[in-house]
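Peer 1: would you be able to build a 3D model of this:
(chains A, B, C and D)
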Protein chains: 2
Amino acid sequence: MIDETSARERVVRAADELFYARGVQAVGMDAVRAAAGVSLKRIYALFASKDELIIAVLRHRTEIWDAGLASAAERATTARERILSIFDFLDAWFRQPDFRGCAFINTHGELGANSSAVADAVRVQKTAFQAYVARLVDELGAPPRLAPQLAILAEGAQTTAAIAGTPDAAHQARAAAETLLDAAVR
Amino acid sequence: MIDETSARERVVRAADELFYARGVQAVGMDAVRAAAGVSLKRIYALFASKDELIIAVLRHRTEIWDAGLASAAERATTARERILSIFDFLDAWFRQPDFRGCAFINTHGELGANSSAVADAVRVQKTAFQAYVARLVDELGAPPRLAPQLAILAEGAQTTAAIAGTPDAAHQARAAAETLLDAAVR
DNA sequence: TTGCGCGGAGAACGATCGTTCTCTACGATA
DNA sequence: TATCGTAGAGAACGATCGTTCTCCGCGCAA
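Peer 2: Residues are numbered from 1 along each chain as shown, chains lettered A, B, ... in the order given. Coordinates of the predicted model:
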């Protein structure tokens, strides 16, 4: 294992999958080692502690989330469609068999009280999402107060779908978003 | 400690506060013992395991939540006001200094993947809330599809407020709910 | 070929946790 | 008063976890 970046990436990817599927505290570093195929010694050379690995995993999740959002928006031609594409993206995500809610919300609930670094990383991600929505709302020429309302719908859909175990919340939130859009831009 | 029910109540209440503040897995049974003033032996006579205690705590939280919702609704005179009182209730809750998000969402994120009993208890609570909203929507004479939309707003407000650390999401969600209500009943 | 340094496998260590067990004190009953 | 059962305090136990350390083998320079 000579390639530094490849080893790091394998560790982050394996940890991400395990943390998301079972929760962070339920996964030992030895399980990460086994899944990544990287020795413990090497993992601790790449990350000073499990906490640092958790932060790296959250950053990795942010990239995946951003890429998914952007990819969904690409298929849209208008600002309104780009906003609604968020909920189509959620719908596709909720239908994946390994969907288990938003990793940021889950990790925040699990560790946010004890690790301000985790809480900060989650807050950064959610703030970035709100800014993304605000940008789309601005492009649409709708009043700015619409943006947090749409973001709240997206957040609520994620926790509702995770707990219910069904993807219904995506199209319910999308319908609500359409109503809010209709009322905001006339 | 002769009174069975009082000891049980003290354990549940102490565990609830600790679990909510620090997360379930971060709180050892010895911390519960110290906070409740009930010996470990007695705790394990009342609850077969920590898992059982967790379930009891979730049930206790359900009672608190239901009572809070009902109390907020009492001050309302119309069905529309009763619906909006949900968001006033959330606003008051978000402003409490020890607010740390929805205990059900947090616990589900932490343990839902490993304990189907926990996942079930959380799902039961969320389903009951959705049924409550559906009842109010029915009283209002609005189309039933409005109910899950309002419930999603409430869920989203809870996670948004918890992560952001501000109570803003409550009135943002309330404003969205008003728009949805206006559009649904004309 | 020989010595050296790096990396992997996994044992080891100290801490913590859920759960049980031991010991002691006390209150009620005959 | 003597005895028995119960309850509390906390030690003990086995498991697990994060982190470090030891040992061994392999590739490379002189």
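Peer 1: per-domain residue ranges of chain A.
Peer 2: Domain ranges of chain A: A:1-47, A:58-184, per automatic domain parsing.
Peer 1: indicate which one of the ones you listed is closest to chain B.
Peer 2: domain A:58-184 (2.8 Å; CB to the nearest CB). For the C-beta atoms, the positions are set from N, CA and C on the backbone; glycine is no exception.
Peer 1: residues contacting the nearest residue to A:D16 once chain neighbours are set aside?
Peer 2: Spatial nearest neighbour of A:D16, excluding adjacent residues (CB to CB, 6 or more residues apart in numbering or on different chains): A:V57 at 4.7 Å. By CB atoms under 8 Å, 6 or more residues apart in numbering or on different chains, the contact list for A:V57 reads A:V12, A:A15, A:D16, A:F19.
Peer 1: hang on, the earlier thing: as CSV, the domains of chain A with mean pLDDT and distance to DNA strand C would be great.
Peer 2: CSV is the format used below for the domains of chain A (pLDDT from 0 to 100; distance: least, CB to the nearest atom of the strand, whole Å):
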stretch, mean pLDDT, distance to DNA strand C
domain A:1-47, 88, 3
domain A:58-184, 96, 10
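Peer 1: so which strand or helix has the residue lying farthest from the centre of chain A?
Peer 2: Each residue of chain A has a distance to the centre, and by CA atoms, centre = their mean the biggest one is for A:R186: 32.1 Å. Assigned by DSSP states H and E, A:R186 belongs to neither a helix nor a strand.
Peer 1: ok, now how distant is it from DNA strand C?
Peer 2: 56 Å (CB to the nearest atom of the strand, to the nearest Å).
Peer 1: do you know the pLDDT at that residue?
Peer 2: A:R186 carries a pLDDT value of 70.
Peer 1: got a list of what it touches?
Peer 2: A:R186 touches nothing, counting by CB under 8 Å, 6+ apart.
Peer 1: make it 10 Å
Peer 2: A:R186 makes contact with A:A142, according to CB atoms under 10 Å, 6 or more residues apart in numbering or on different chains.
Peer 1: before we move on, what about A:L46?
Peer 2: By CB under 10 Å, 6+ apart, the neighbours of A:L46 are A:E4, A:T5, A:A7, A:R8, A:V11, A:V12, A:V38, A:E52, A:L53, A:A56.
Peer 1: could you do A:R145 as well?
Peer 2: By CB under 10 Å, 6+ apart, the contact list for A:R145 reads A:V137, A:A184, B:Q172, B:A175, B:A176.
Peer 1: please produce JSON lines containing these, extended by distance to DNA strand D and secondary structure.
Peer 2: Output for the contacts of A:R145, formatted as JSON lines (distance: CB to the nearest atom of the strand, whole Å; DSSP: H, G, I helix; E, B strand; the rest coil):
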{"residue": "A:V137", "distance to DNA strand D": "41", "secondary structure": "helix"}
{"residue": "A:A184", "distance to DNA strand D": "46", "secondary structure": "helix"}
{"residue": "B:Q172", "distance to DNA strand D": "37", "secondary structure": "helix"}
{"residue": "B:A175", "distance to DNA strand D": "42", "secondary structure": "helix"}
{"residue": "B:A176", "distance to DNA strand D": "40", "secondary structure": "helix"}
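Peer 1: any chance of the residues you listed in TSV, plus neighbour count?
Peer 2: Conversion of the contacts of A:R145 to TSV gives the following (neighbours: other CB atoms under 10 Å in any protein chain shown):
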residue	neighbour count
A:V137	24
A:A184	17
B:Q172	24
B:A175	17
B:A176	29
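Peer 1: which of those sits closest to A:A164?
Peer 2: For the contacts of A:R145, the minimum distance to A:A164 (CB to CB) is 20.5 Å, reached by B:A176.
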